[in-house]
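[1] Predicted structure and sequence below. I'll ask about it afterward.
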Amino acid sequence: MVDIHCHILPGIDDGAKTSEEAVEMARIAVSDGITDIIATPHTYDGLYSQRTENVLKSVQDLQQALGREKIPVRIHPGSEVHVHSELIDHLYSGQILTLGNGMKHVLLEFPSVHFPLFSKRVVRQLLDRGITPVIAHPERIEVFRLNPSLLREWIEQGAIGQVTAGSLLGLFGRTARGCAIDFVQQHLVHVIASDSHHVRSRRPELSQAYKALATIIPEEEVEMFRYNAQAILHGKALQILTPLTKSKQKRWIFF
């Protein structure tokens, strides 16, 4: 399995605090069946503004530490970019890392309770340049929960949605869980990620979320989620189903 959203790099955001914790997170990931992790430290969120060279160095250092410990997981560079008006300029000046550093997919985080006026312009500019916006955990963003038509509009234009594993398992509450199921059934999210931050809570695990996903949608659609994570890592085209209207979706199946 591939985890495209994980705060495993130590000491650079609110994820792993130490190298030891990062190594332990990697152990947990491997025991869950994860083979590749895209490290996605927060950037341009008003608190963290990562320098690309520092992220790349941190990825290299962590990979070396994992090699010494013989932990078989590959770490790849990326970032979770808070949407901001200068995002395109920062992307092309090398100040923002795309997922896997391939200039194909960029992980976007939106404010929870308000919608910046420039957001539509930024998403449109990314799409026009052949870069796919990956909307991080829309089921946990109140703007999208209250206005799913906004998310649908972007998906129909070519963006994709990333649902958090913990949301499908109820770790963020019933509201996030119900919304996650809704978005899955409406084909508004297309890839699962852990959004892991620590070893005790929000762990780097995906297997139980995939099992939960299989109770909501057919197995062939579950396989699309797996494929899409691989495709993002390698900069390939994703498999996307046409969004459904809510009236056509299946009933929620709770587990």
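    Cool, the structure landed.
[2] alpha carbons only for contacts and neighbour counts from here, please
    Will do.
[3] tell me which element V199 falls in.
    Under DSSP states H and E, no helix or strand contains V199.
[4] and what of the one 3 residues further on?
    In this structure, R202 is located outside every helix and strand according to DSSP H and E.
[5] so who does it touch?
    166, 194-196 (Cα atoms under 8 Å, 6 or more residues apart in numbering).
[6] Nearest to A214 among the residues you listed?
    Among these, G166 lies closest to A214 (Cα to Cα), at 15.0 Å.
[7] what's around the closest one, how many residues?
    Counted by other Cα atoms under 10 Å, the residues lying close to G166 total 26.
[8] which stretches of this structure have low pLDDT?
    Along the chain, segments meeting pLDDT under 70 span 246-255.
[9] Checking G94 next. Helix, strand or coil?
    Going by DSSP: H, G, I helix; E, B strand; the rest coil, the secondary structure assigned to G94 is coil.
[10] For it, list the residues it contacts.
    G94 is in contact with T52, counting by Cα under 8 Å, 6+ apart.
[11] again, 10 Å this time
    Shown in contact with G94 (Cα atoms under 10 Å, 6 or more residues apart in numbering): 51-53.
[12] Dump those into a markdown table; add secondary structure, distance to Q157 and neighbour count as well.
    Below are the contacts of G94 laid out as a markdown table (DSSP: H, G, I helix; E, B strand; the rest coil; distance: Cα to Cα, whole Å; neighbours: other Cα atoms under 10 Å):
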| residue | secondary structure | distance to Q157 | neighbour count |
| --- | --- | --- | --- |
| R51 | coil | 30 | 13 |
| T52 | helix | 29 | 16 |
| E53 | helix | 32 | 12 |
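[13] Take those residues and write them to a markdown table, including distance to L238.
    Output for the contacts of G94, formatted as a markdown table (distance: Cα to Cα, whole Å):
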| residue | distance to L238 |
| --- | --- |
| R51 | 29 |
| T52 | 26 |
| E53 | 29 |
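[14] Go through those residues and name the one nearest L127.
    L127 has its nearest neighbour among those in T52, at 22.4 Å by Cα to Cα.
[15] neighbours around the closest residue to the closest one other than its chain neighbours, how many?
    Nearest-residue entry for T52: Q95, 5.8 Å, with adjacent residues in sequence omitted and distances by Cα to Cα, 6 or more residues apart in numbering. Neighbour count of Q95, defined by other Cα under 10 Å: 18.
[16] show me what contacts Q95?
    Contact analysis of Q95 by Cα under 10 Å, 6+ apart lists 43-44, 49-53, 87-89.
[17] What is the nearest of these to L151?
    Distances from L151 to the contacts of Q95, taken by Cα to Cα, are shortest for L87, at 19.3 Å.
[18] next one: phi and psi at the nearest residue to that closest one once chain neighbours are set aside?
    Of all residues not flanking L87 in the chain, V122 sits nearest, at 7.2 Å (Cα to Cα, 6+ apart). Torsion angles at V122 (phi, psi; degrees, to the nearest 10) stand at phi -60, psi -50.
[19] Look up how far Q208 lies from V122.
    Taking Cα to Cα, to the nearest Å as the measure, V122 and Q208 are separated by 34 Å.
[20] who's more crowded, the two?
    Each of V122 and Q208 has its neighbours counted (other Cα under 10 Å); V122 has more, 18 against 14.
[21] Pull out the buried positions in stretch 120-127.
    Across stretch 120-127, burial judged by 16 or more other Cα atoms under 10 Å covers 122-124, 126-127.
[22] Just the ones in helices from those residues, please.
    Residues of these located in helices (DSSP state H): 122-124, 126-127.
[23] thinking A159 is in contact with I131, fair?
    Yes: using Cα atoms under 10 Å, A159 is in contact with I131, at 9.0 Å.
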